[in-house]
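**Q** show me the folded form of this:
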Amino acid sequence: MIEAENLSKRYGAKVAVNGISFRVEPGTVTGFLGPNGAGKSTTMRMIVGLDAPTSGRVTVNGKSYADHAAPLHEVGALLEAKAVHTGRSARNHLRALAATHGMGDTRVDEVVEMTGLGAVASKRVGGFSLGMGQRLGIAAAMLGDPRTLILDEPVNGLDPEGVKWVRTMVRYLADDGRTVFLSSHLMSEMAITADHLIVIGRGSIITSGPVQDVIDATSGTSVTVRSPGASQLAELLAGAGVSITAAEPGVITVRGLDAATIGETAARNGVALHELTPVRASLEEAFMTLTAGEVEYHSGGTESATQDGAAA
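**A** Here you go, the predicted structure:
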């Protein structure tokens, strides 16, 4: 379990993390979402003691990271895959880490096999692709068979097979009762991997909760209705809390009513239905809505980019 209480981090005048409190429970995959600069990596670094909080505290399995006698057995972390001596082989890198906790080559061999590094384990890390570097980082995180796993962008650079492997691995670990805390910019992947979400923006928590609850509370659901009597049906459905838009002739999108209510209203009034489809918003849509005002770095349009380039 990870518990943060009023956790803050300042760098001079800049507030990177602003008094956040949260809990990451065992047996679940908790996704940590936010725009670039939101404070995700800083928070993860504070959890494993790489950055000291300006105020507040964070514990893992009941203790601060520094107080664990054998931290690799408690917490496995992938925060920066490139933080490896490039002249070492993957196997020797893992052996050096294992030696700090009295683990032998047997465990190193297990994580090498587990992460698909067998064919490159004797090669120098400096020649690794981004995907192979990620696999090595995950192998290091898994080395101590930890109760808690913290992964910052674990699928970055992985091919589809590797992404699926990470998804399967973290789900297996959570189902085994372990605590899994991960960040990712791949919303579609997070939607099918995570059980719970914490969304952060400009150092503060915007919202948290089960994945579908976050989506529904932000974007809700709509119902697509196709009917030759779409205009008539729209008049029948109009009311307080109901939003109806015409997508195209004969098609309306209804918010604020479920499909059953719409179908029953149409049947009572003799309106033929050709389609009645509930549509749930995606996590990406919910994320964009939640963080619309929290993005620190915005991309400019083509015209402004061209002008900037000319000015430079």
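**Q** number of residues surrounding S282?
**A** 14 (other CB atoms under 10 Å). Where you see a C-beta, it was placed from the backbone N, CA and C, and this is true even at glycine.
**Q** to clarify, my last question referred to R167.
**A** Neighbours around R167, by other CB under 10 Å: 17.
**Q** let me know the secondary structure of it.
**A** helix (DSSP: H, G, I helix; E, B strand; the rest coil).
**Q** that one reaches S188, doesn't it?
**A** No - when contacts are counted by CB atoms under 8 Å, R167 is not listed as touching S188 (11.0 Å).
**Q** which stretches in the stretch 201-312 of the chain count as helices?
**A** Taking DSSP state H, counting those that start in this stretch to define them, one finds helices in the stretch 201-312 of the chain at 211-219, 230-237, 259-268, 283-290, 302-311.
**Q** and among those helices, the most buried is which?
**A** helix 283-290 (a mean of 19; mean count of other CB atoms under 10 Å).
**Q** so which residues make contact with that one?
**A** Contacts to helix 283-290, defined as CB atoms under 8 Å, 6 or more residues apart in numbering, come from residues 33, 187-188, 190-191, 199, 201, 206-207, 211, 214-215, 218-219.
**Q** wait, which of the residues you listed is closest to V111?
**A** M190 (24.5 Å; CB to CB).
**Q** so what's the closest one up against?
**A** Counted by CB under 8 Å, 6+ apart, M190 has contacts G31, L33, S184, L197, V211, L283.
**Q** 7 Å instead?
**A** Residues near M190 by CB atoms under 7 Å, 6 or more residues apart in numbering: G31, L33, S184, L283.
**Q** so where's the protein shaky on pLDDT?
**A** 81, 294-312 (pLDDT under 70).
**Q** L97 reaches M142, doesn't it?
**A** No - assessed by CB atoms under 7 Å, L97 is found out of contact with M142, at 10.9 Å.
**Q** these two: who's more crowded?
**A** M142 (21 against 18).
**Q** quick check: the more buried one touching G76?
**A** Yes - counting by CB under 7 Å, M142 touches G76, with 5.6 Å between them.
**Q** how near is the residue nearest to R57 when sequence neighbours are not counted to N61?
**A** Spatial nearest neighbour of R57, chain neighbours left out: E5 (5.5 Å); criterion: CB to CB, 6 or more residues apart in numbering. Going from E5 to N61 by CB to CB, to the nearest Å gives 15 Å.
**Q** residues contacting L130?
**A** N156, G157.
**Q** what does S208 give?
**A** Per CB under 7 Å, 6+ apart, neighbours of S208: F22, L197, I198, V199.
**Q** dump these into TSV; add neighbour count and secondary structure as well.
**A** Listed next are the contacts of S208 as TSV, based on neighbours: other CB atoms under 10 Å; DSSP: H, G, I helix; E, B strand; the rest coil:
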residue	neighbour count	secondary structure
F22	19	strand
L197	25	strand
I198	25	strand
V199	23	strand
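**Q** how about A83, secondary structure?
**A** Under three-state DSSP, A83 comes out as coil.
**Q** just to revisit the earlier point, need the contacts of helix 283-290 in CSV (columns: distance to E80).
**A** Below are those laid out as CSV (distance: CB to CB, whole Å):
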residue, distance to E80
L33, 19
M187, 22
S188, 24
M190, 20
A191, 25
V199, 23
G201, 22
I206, 25
T207, 27
V211, 27
V214, 28
I215, 30
T218, 31
S219, 33
